[in-house]
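1. here is a sequence with its predicted model. Questions after.
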Amino acid sequence: MGNSFQLISVGFSITNILLALILGFYCKKENFIHGCIWWSVGFLLFGLGLLMPMLAEPHTLSAFTNAGTNLFFVMGILSIYNANMQFFGKHSPLQNILLFLIVYLFASFLLIALDLSLIHWAVSSLSISIISGLNGRVMLSCEEQTPHKLSRFIFMIFILFALFFFGNSVLLFLSSAGISQINLATARMSTGSIIVACSWLWTLGFILCIEDRAKRTTDGVREIYDLTINTIPDAVLITRLRDGCIVKVNEGYVKLTGYTEKESLGKTTLELNLWENPVDRQNLVILITDCGSIENKDYVFCRKNGRPLTGLLSARSITLYGEEHLLSVVRDITSRKKMEEKLRENEEKYRFLTENSSDVIWHINKSYRIDYISPADEKIRGFKREEVFGQTIWNIFKPEGVKLIREKIEHHHHVEKVGDNTNITRFEIEQQCKDGGWIWTEITAAPHYDNQGNLIGYHGISRDISEQKLLLEQLQRQATIDELTQVSNRAHFMTLAEKEIQRAKRYHHPVSLIIFDFDGLKGINDTYGHLAGDRALATFAKIVSTLIREVDILGRFGGDEFLLLLPETEIHDAKHVLDRIQNVSSASPIVFQGEKFNISISAGVAGLQEWTDSLNDILNRADIDLYNHKNLNCGHA
């Protein structure tokens, strides 16, 4: 009888240990779902508890085996309770479990020390009953996380387990009180049978819970996966690597290609004519085979309507159903490609214009350093690009030019503050050439902003206007300077004199006017020729120019008459000037073709008398004074 009991105990123990291993296998298969490993620990503890009775006689109550068996049973049901709490997302009761276990161990030690083994067994059975009831309550509170029938099934097992151990505790209490007798072998056998039977049923229930949790997780992942790929605006498709058969597409693929999911699944990409060039797919397979993945590679595909599209393809090799597949993401860059092509054409046009323009096209950064300049600069100023790049613009201009540019920059900053960012300025300035010379240029410049409206520099065009400037100066000189004498002509003199008289009247300053007239110019022309007469006029103009101040104005009035305006000069001072001119002229004979002759001049002087006087009034008085001297034949000669 003893051997049979021990064999049964070993069988019960092995059964529970196997159940623990089965549950452990399922836990590992499902990546150890939170808490489920504690089920395996609980069954393993049950198995160890069932192994303890083999160490004692079936009809005797050994304190050691009784304490060990009950401890393993209590720890086993506590492990299952902890597993249920964690698996169903409840607050982990680990601290309470440890506290309960400490109290139980203390009570067990006390009862064993008092030789109350039956009472200890009864207390252990009652503890197991209470914890089993708590497990049942957990199952009822988590019906939304498991199928209703499954949670009810496991709940009933826990309740039956709790009732059995509650009844067992009652019988043990009664037996310890001498009210009734209990057959120890029968009690141990029934306890082992109940534990093994419930363990089998729990294992079945817990495995179903794990499978249900895994299915729910898989369904959730699949739902998230479907939602994710359908949310992606790019085309996503999964194809078999060996033949390109389509097994999965998203909504982005449908919109991009025009093929519905039903039209695409089960067909190859070549059958749908998705590749404009089928060789591209062969090359793609080779790349994937060698590298495992590609990123952002351009391919040309065909839509359902036959229109081509350029796609940016990223692909990776994956294994599905034991076979190698290709996960591909295609982004439509047709519009971007067209824009890039248009931009490239515009860049080529711009480059052609800038590289071949006769004007200098340039760009400077915020530090006023040149970071681009067209080849025309070398033709105009002689500097190569590498000699100019990185140089500041201040080395190019004269000091007055630097001052002008700083004024322009300051003006731009001012108008920028009031919201005008489109300020374009034009001005003329001299630039230095490589040979040390200077050229006149017309500059058109504008500020350059980035997409955020931040100033990043200036760009513009410089045009060589040296010839125009020279021509303008020549025209200006022709319009204002007498060609023979190189002094102001009549019109220019009258303009300058009018301004000076207005200034004199405004500030109440004196001003005088001298009119000169050659005596005997006709005789010189007749005797020595007209070229001699021209030499006399030019020499006289040169003499006067050297004797007067820079503010004085000398002009040829016509024929042999000259006018000299002396600002801030009284009439008596003007006469001193006239005397000095007379003395130098009389002492400077004219030499022409080996002949010498002197010139004789008559002059009249007048000044500003009334603040209402005009230039003509002063000129008339000077003219009268001139002819008075001529008539008296005592002119200044």
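-> Arrived safely, thanks for sending.
2. which residues does Ala376 contact?
-> Ser357, Ser358, Asp359, Val360, Ile361 (CB atoms under 8 Å, 6 or more residues apart in numbering). (Glycine included, C-beta is placed from N, CA and C.)
3. out of those, which are inside strands?
-> Helix and strand membership here follows DSSP state E; of these, those in strands are Val360, Ile361.
4. can you put the contacts of Ala376 in TSV and add distance to Leu78, pLDDT and neighbour count?
-> As requested, these are exported to TSV (distance: CB to CB, whole Å; pLDDT from 0 to 100; neighbours: other CB atoms under 10 Å):
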residue	distance to Leu78	pLDDT	neighbour count
Ser357	90	80	14
Ser358	96	82	10
Asp359	92	87	19
Val360	90	89	23
Ile361	86	88	19
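5. tell me which two in the contacts of Ala376 are the farthest apart.
-> The two members of the contacts of Ala376 with the most space between them (CB to CB) are Ser358 and Ile361, at 10.5 Å.
6. report how many residues lie close to Glu570.
-> Using other CB atoms under 10 Å, Glu570 has 14 neighbouring residues.
7. same deal with Val41?
-> Taking other CB under 10 Å as the criterion, the count of residues near Val41 is 19.
8. what's next to the helix or strand harbouring it, contact-wise?
-> Under the criterion DSSP states H and E, the helix or strand holding Val41 is helix 37-51. Outside of helix 37-51, the residues that reach it under the criterion CB under 8 Å, 6+ apart are 9-10, 12-17, 19-21, 23-24, 27, 68-73, 75-80, 82-83, 86-87, 192, 195-196, 199, 202-203, 206.
9. what do you get for stretch 200-218?
-> By CB under 8 Å, 6+ apart, the list of residues contacting stretch 200-218 from outside reads 15, 19, 22-23, 26-27, 30, 33, 36, 39, 43, 80, 87, 145-147, 150, 153-154, 157.
10. quick check: Thr239 touching Val247?
-> Yes. At 6.8 Å, Thr239 and Val247 qualify as touching, with contact defined as CB atoms under 8 Å.
11. ok, these two, which is more surrounded?
-> Legend: neighbour count by other CB under 10 Å for Thr239 and Val247, higher for Thr239 (22 against 16).
12. just the mean pLDDT for the helix or strand Tyr299 falls within, thanks.
-> Applying DSSP H and E as the criterion places Tyr299 in strand 293-302. For strand 293-302, mean pLDDT rounds to 91.
13. buried ones in the helix or strand following that strand?
-> Counting by DSSP H and E, the next helix or strand C-terminal to strand 293-302 is strand 308-320. For strand 308-320, a neighbour-count test (16 or more other CB atoms under 10 Å) marks Leu309, Thr310, Gly311, Leu312, Leu313, Ser314, Ala315, Ser317 as buried.
14. does Arg535 really touch Ile590, like I thought?
-> Yes. Assessed by CB under 8 Å, Arg535 is found in contact with Ile590 at 5.9 Å.
15. quick check: closest non-adjacent residue to Gly258.
-> By the measure of CB to CB, 6 or more residues apart in numbering, the closest residue to Gly258 outside its immediate chain neighbours is Lys304, 3.3 Å from it.
16. and that neighbour, what does it touch?
-> Neighbouring residues of Lys304 by CB under 8 Å, 6+ apart: Thr257, Gly258, Tyr259, Leu272.
17. Phe164: which of those is nearest?
-> Taking CB to CB as the measure, Tyr259 is the one of the contacts of Lys304 closest to Phe164, at 64.6 Å.
18. secondary structure element holding that closest one?
-> Taking DSSP H and E as the definition, one finds Tyr259 inside no helix or strand.
19. quick check on the residue nearest to Gly258: phi, psi?
-> Per-residue torsions, Lys304: phi -60, psi -40 (degrees, to the nearest 10).
20. how much space between it and Val254?
-> In this structure, Lys304 and Val254 are 10 Å apart, going by CB to CB, to the nearest Å.
21. mean confidence (pLDDT) on the longest helix seen in the chain, please.
-> When secondary structure is assigned using DSSP state H, the longest helix within the chain turns out to be helix 184-231. Summarised as a single mean, pLDDT over helix 184-231 is 74.
22. partner strands of the very next helix or strand once past that helix and their direction?
-> Tracing the chain C-terminally past helix 184-231 and defining elements by DSSP H and E, one meets strand 235-240 next. Strand 235-240 has its sheet partners listed here by DSSP bridges as strand 246-249 (antiparallel), strand 323-332 (antiparallel).
23. contacts for the longest one next, please.
-> Counting by CB under 8 Å, 6+ apart, strand 323-332 makes contact with 232, 234-242, 244, 247, 253, 256, 288, 299, 301, 309-319, all of which sit outside it.
24. give me the below-cutoff pLDDT ranges for the stretch 351-500 of the chain.
-> Counting by pLDDT under 70, the low-confidence segments of the stretch 351-500 of the chain come to 418-422.
25. all strands for it, in order.
-> Remark: strands assigned in the stretch 351-500 of the chain by DSSP state E, counting those that start in this stretch are 360-365, 370-373, 425-432, 438-449, 455-464.
26. which helices and strands does the third one pack with?
-> The helices and strands touching strand 425-432, judged by 3 or more CB pairs under 8 Å, 6 or more residues apart in numbering; DSSP states H and E, are helix 399-417, strand 438-449.
27. could you redo the last one with a cut-off of 10 Å?
-> Under the contact criterion of 3 or more CB pairs under 10 Å, 6 or more residues apart in numbering; DSSP states H and E, the helices and strands touching strand 425-432 comprise helix 376-381, helix 399-417, strand 438-449, strand 455-464, helix 466-480.
28. need those in JSON lines (columns: distance to Leu326).
-> Shown next, in JSON lines, are these (distance: least, CB to CB, whole Å):
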{"stretch": "helix 376-381", "distance to Leu326": "54"}
{"stretch": "helix 399-417", "distance to Leu326": "55"}
{"stretch": "strand 438-449", "distance to Leu326": "46"}
{"stretch": "strand 455-464", "distance to Leu326": "45"}
{"stretch": "helix 466-480", "distance to Leu326": "68"}
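29. out of the buried residues of strand 308-320, which is nearest to Leu615?
-> Thr310 (80.2 Å).
30. which strand residues bridge that closest one?
-> Applying DSSP bridges to Thr310 gives these bridge partners: Val300.
31. what number of residues lie near Arg477?
-> For Arg477, the count of nearby residues is 13 (other CB under 10 Å).
32. and Asn168, by the same measure?
-> One way to gauge burial is a neighbour count; for Asn168, by other CB under 10 Å, it gives 22.
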